[in-house]
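1. quick one, structure for this:
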Amino acid sequence: RYLEHVLPEGESPIRMARVHQQGEFLLSPPDGWEPFTAIQLFTVDPPAMVWDATIRVAPFINVRVRDSYLEGTGSMHGAVLGLVPVVRDSGRYQMAEASLLRYLAESPWFPTRLRPSSALAWSPVDDSTAIATLRDEGLSVSLRFRFADGEIREVHAERRFRGADEDPQYAPWTGHFSEYEAFDGVRVPTRGVVAWVIDGEEQPYWRGRIESVTYEY
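-> Residues are numbered from 1 along each chain as shown. Sure, this is the predicted structure:
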């Protein structure tokens, strides 16, 4: 029902998606929301992505952030003015798993990725919920999708890597989607909120809107 609702009849498989975003990112909890703009590129086969964002932290001062997943490797890099590093993480298994999980969570922006395939399997939970499992380069990640009125409204992972000092840290992770619109005939959510779930309470850190989506087939 979801695929029939969001895809035109006879839609060809999407090969690549380019998503333009803007919104706010929580740099310093609880109230330090800062504006960002971003371009995100996705490929379907093989699964890969790069999120190239600029976050304004002060007048005339920006942090350039680039998150990516490619060939079984996840990475996150951030630099003030694009020059002075402030965050860098790549190469570890936990980062690769977290990046592939993010890729799966954001696949409603290029929904032919969610068709069952040799790499993607679905298992039902109830009438409105199903679990998708995506495999790539020896990794396997699973995410719970909640549907309503033919649309994906929520994604949830019980355990996602969120950083490490000495020991890896994990927490439940949730995303909410709303305000579906059509781009090139494909209906995608244009509003989203992403949150960690700490002690049973959602703590949002990303909230944004989609300005445009373009596809290659």
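
2. mean pLDDT per element in this protein, and the minimum belongs to which helix or strand?
-> Among the secondary structure pieces of the chain, namely its helices and strands, strand 84-90 has the lowest mean (mean pLDDT, DSSP states H and E), a mean of 54.

3. once you drop chain neighbours, what's closest to Gly163?
-> Gln169 (5.4 Å; CB to CB, 6 or more residues apart in numbering). Every C-beta, even on glycine, is put in place using the N, C-alpha and C of the backbone.

4. show me what contacts that neighbour?
-> Shown in contact with Gln169 (CB atoms under 8 Å, 6 or more residues apart in numbering): Phe161, Arg162, Gly163.

5. do the same with Gln40
-> Residues touching Gln40, when contacts are defined by CB under 8 Å, 6+ apart, comprise Arg18, Val19, Gln21, Met49, Val50, Trp51, Asp52, Glu106.

6. and what of Ala48?
-> Contact analysis of Ala48 by CB under 8 Å, 6+ apart lists Phe42, Ser68, Tyr69, Leu70, Glu71, Tyr103.

7. what's the spacing between the fourth one and Asp31?
-> Translated: Leu70. Using CB to CB, to the nearest Å, one obtains 35 Å as the distance from Leu70 to Asp31.

8. which of the two has more residues huddled nearby?
-> More neighbours sit around Leu70 than around the other of Leu70 and Asp31, counting by other CB atoms under 10 Å; the figures are 16 against 6.

9. grab the nearest non-local neighbour of that one.
-> The shortest distance from Leu70 to any residue other than its chain neighbours is 4.6 Å, reached at Ala48 (CB to CB, 6+ apart).

10. circling back to that earlier point, closest to Tyr217 out of the contacts of Ala48?
-> Phe42 (13.3 Å; CB to CB).

11. what sits opposite the closest one in the beta ladder?
-> Each beta-bridge partner of Phe42 is listed here: Ala17, Met49, as defined by DSSP bridges.

12. so what's it up against?
-> Remark: with contacts taken as CB under 8 Å, 6+ apart, Phe42 is in contact with Met16, Ala17, Val19, Ala48, Met49, Tyr103, Glu106, Ser107, Trp109, Phe110, Arg113.

13. so for whichever strand or helix holds Gln40, what's the average pLDDT?
-> Under the criterion DSSP states H and E, the helix or strand holding Gln40 is strand 32-43. For strand 32-43, mean pLDDT is 97.

14. hang on, the earlier thing: buried among the contacts of Phe42? Make that a ChimeraX selection.
-> The ChimeraX selection below is limited to those of those classed as buried (16 or more other CB atoms under 10 Å):
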select :17,19,48,49,103,106,107,109,110,113
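
15. distance to Glu201 and pLDDT for the contacts of Phe42 - can I get that in TSV?
-> Converted to TSV, these look like this (distance: CB to CB, whole Å; pLDDT from 0 to 100):
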residue	distance to Glu201	pLDDT
Met16	37	98
Ala17	32	98
Val19	29	98
Ala48	33	98
Met49	29	98
Tyr103	26	98
Glu106	23	98
Ser107	27	98
Trp109	27	98
Phe110	31	98
Arg113	31	98
